[in-house]
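Enquirer: sequence isn't available, so here's the structure alone:
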């Protein structure tokens, strides 16, 4: 670009009405939309918070009322006997539903007949000493005392219903013993009224579910759009379940709050609109116009790729706020971009070298794992197959199998903590030590103990390895295994299904020097199949963060019971891949399977 063109660019007007109007309209639309969305969100957020607050307060109040009622009823020593009496003689009771003259007369008559009787402190022995007539009178007086308390609670706390009911063992019918009421409330056996003693109502399936939950947890809260019911399990009386209950109608509370909330939201929106107008004016002056100037310079650099020109033009823009910092950042970016372009070629070359080295490391690791699976002609009492799929180019899982002598087969599967090259290096050391130590003889527990001490030496990185090591006698089928923090193996008996063999594990190898490892024996019969694996199988995760798990693994193993070992492991891997889908493999997947054929074909 010539100096003349540069001068023309510098003299170009920086304010285009069309641009300012278009951007101003967009910003205004944004503020209008933001105001609308904020108002709507505020309304529903406040509504949700208010609803939750009201419900939470009523729920706490309901629980408080129920616990107080339960404590109040429990203070009467004869409450159990009276509950049975009220249930059995509900239709015979002549009770007042609020304390009145009739109840006073009955109290006086009881005191005259039983001068030493204190109604609130009487015992079961006192009841047994009474005649049937006196027992009925006692039950009616005590009923009125308690129902009066229920009436007071309803009046005091403004609850819709406060009641005591029983339900039969099959949860078919609810029988109401107490139901609090105010003076203006009708009392009958009709729905919506305060129930008289002995009113029976069918138990709904939904209510049955809530009552059973209350029996399990002592209490339970049933919530609906505009009601809240709380039940307290008082115990089993005369083969019936007894519940205390409180019911709130939240409709009036929520409607009042909603009206106040609407007024607040309208005021908030008006303030937001005024604030948005002021912000729009300030944004246009301090942001829109300076941004336009910077945009021109960046577009010019995009077309010309002339770093010197854009740096010269940007130096003419002066701003003391973040836009000034943006201008300086763009200038710095342009200078760094020139350097980055020069480094790209060297970085690309270095990445290609690393990729090549990792490919070699992958091949080396794969070559370390035994591949000499027995052919039909080479089988000496067993058939075996294994696979290892690393999560990265190299992994920390490994498997191994080898004959310690003519009659004993060693089986190893392990998982090193971590992934990548460090885990692979630790894996090589662990694999070598386990094989070498096993060939020297000893039980699996002794072998792991020795390997553990060697791996703990200089293990500054804190790696550890979970190991399943077994030595199988090919003549007898008897095996000895030690499990150091590894997954549970799966075993399928001949003509049976795979099941996990669970037993107590020892800690992982290399966690602490001097550890002793436990071992257990197992017996394989001809035709049995053993399957071991690393946690990359059961912990394979799909896009919904759900694990493949043990149940899916067993189902995959049992899908084709007649499959050979190769087909079985490939089938399990295919089911894992199908389950995981597009999710990234985060752990190595290693599997090993053995068929015990029996001593009859040992060469």
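Expert: That came through, no problem. Please read these numbers as outputs of a predicted model, since none were measured by experiment.
Enquirer: centre of the chain to the helix ranked longest in the chain, how far?
Expert: Criterion DSSP state H: the longest helix present in the chain is helix 17-74. In terms of CA atoms, centre = their mean, to the nearest Å, the gap separating the centre of helix 17-74 from the centre of its chain is 26 Å.
Enquirer: try stretch 139-157
Expert: Using CA atoms, centre = their mean, the distance from the centre of stretch 139-157 to the centre of the chain it belongs to is 45 Å.
Enquirer: strands of the stretch 351-500 of the chain, start to end?
Expert: 382-389, 397-403, 408-416, 465-473, 478-484, 490-492, 498-500 (DSSP state E, counting those that start in this stretch).
Enquirer: so what secondary structure elements neighbour whichever helix or strand residue 576 is part of?
Expert: Secondary structure assignment for residue 576, by DSSP states H and E: helix 565-580. Contact analysis of helix 565-580 by 3 or more CB pairs under 8 Å, 6 or more residues apart in numbering; DSSP states H and E lists strand 382-389, helix 549-557, strand 589-596 as its packing neighbours. The way it works is simple: take the backbone N, C-alpha and C, and place the C-beta from them, glycine included.
Enquirer: other residues contacting that helix?
Expert: 383-387, 389, 529, 531, 537, 540-542, 548, 552-553, 556-557, 559-560, 563, 589, 591, 593-595 (CB atoms under 8 Å, 6 or more residues apart in numbering).
Enquirer: what packs against the longest helix of the chain?
Expert: Under the contact criterion of 3+ CB pairs under 8 Å, 6+ apart, the helices and strands touching helix 17-74 comprise helix 132-157, strand 161-167, strand 219-223, strand 227-237, strand 240-249, helix 251-283.
Enquirer: point out the most buried one among these.
Expert: Mean neighbour count (mean count of other CB atoms under 10 Å) peaks for strand 161-167 among the helices and strands packed on helix 17-74, with a mean of 23.
Enquirer: now the angle from that strand to strand 240-249?
Expert: Between the direction of strand 161-167 and that of strand 240-249, the angle (axes from the mean of the first three to the mean of the last three CA atoms, to 10 degrees) works out to 160 degrees.
Enquirer: any residues touching strand 161-167, and which ones?
Expert: Counting by CB under 8 Å, 6+ apart, strand 161-167 makes contact with 65, 69, 73, 87, 150, 153-154, 173-180, 194-195, 203, 211, 234, 237, 240-247, all of which sit outside it.
Enquirer: could you tell me the angle between it and helix 132-157?
Expert: 140 degrees.
Enquirer: helices or strands up against the helix or strand following strand 161-167?
Expert: In the C-terminal direction, the helix or strand that comes right after strand 161-167 (DSSP H and E) is strand 173-179. Under the contact criterion of 3+ CB pairs under 8 Å, 6+ apart, the helices and strands touching strand 173-179 comprise helix 79-88, helix 132-157, strand 161-167, strand 194-195, strand 199-202.
Enquirer: mind checking which of those is nearest residue 229?
Expert: Evaluated with CB to CB, the helices and strands packed on strand 173-179 place strand 161-167 nearest to residue 229, the distance being 8.5 Å.
Enquirer: who does the closest one pair with, and is each partner parallel or antiparallel?
Expert: Using DSSP bridges, the neighbouring strands of strand 161-167 in the sheet come out as strand 173-179 (antiparallel), strand 240-249 (antiparallel).
Enquirer: reformat the ones you listed as TSV; add mean pLDDT and distance to residue 46.
Expert: Rendered in TSV, the data for these read as follows (pLDDT from 0 to 100; distance: least, CB to CB, whole Å):
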stretch	mean pLDDT	distance to residue 46
strand 173-179	93	36
strand 240-249	91	21
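Enquirer: isn't residue 526 up against residue 493?
Expert: No - counting by CB atoms under 8 Å, no contact exists between residue 526 and residue 493, whose distance comes to 10.7 Å.
Enquirer: what's the mean pLDDT across the longest helix of the chain?
Expert: Taken as a whole, helix 17-74 carries a mean pLDDT of 75.
Enquirer: now do that helix against strand 173-179, angle only.
Expert: Orientation check (the same axes, to 10 degrees): helix 17-74 against strand 173-179 gives 80 degrees.
Enquirer: please name the nearest non-neighbouring residue to residue 298.
Expert: Distance criterion CB to CB, 6 or more residues apart in numbering; nearest residue to residue 298, sequence neighbours excluded, is residue 330 at 6.6 Å.
Enquirer: and that neighbour, helix, strand or coil?
Expert: Under DSSP: H, G, I helix; E, B strand; the rest coil, residue 330 falls in the helix class.
Enquirer: ok, the one 10 residues further on next?
Expert: Following three-state DSSP, we place residue 340 in the helix state.
Enquirer: ok, it - contacts?
Expert: For residue 340, no contacting residues are found, by CB under 8 Å, 6+ apart.
Enquirer: show the pLDDT at it.
Expert: 71.
Enquirer: any idea how far it is from residue 273?
Expert: Relative to residue 273, residue 340 is positioned 47 Å away (CB to CB, to the nearest Å).
Enquirer: now swap in residue 460 and tell me
Expert: With distances defined as CB to CB, the gap from residue 460 to residue 273 amounts to 64 Å.
Enquirer: do the same with residue 59
Expert: As for residue 59, its distance to residue 273 is 38 Å (criterion: CB to CB).
Enquirer: since we're on the residue nearest to residue 298, how many residues are nearby?
Expert: For residue 330, the neighbour count with other CB atoms under 10 Å is 18.
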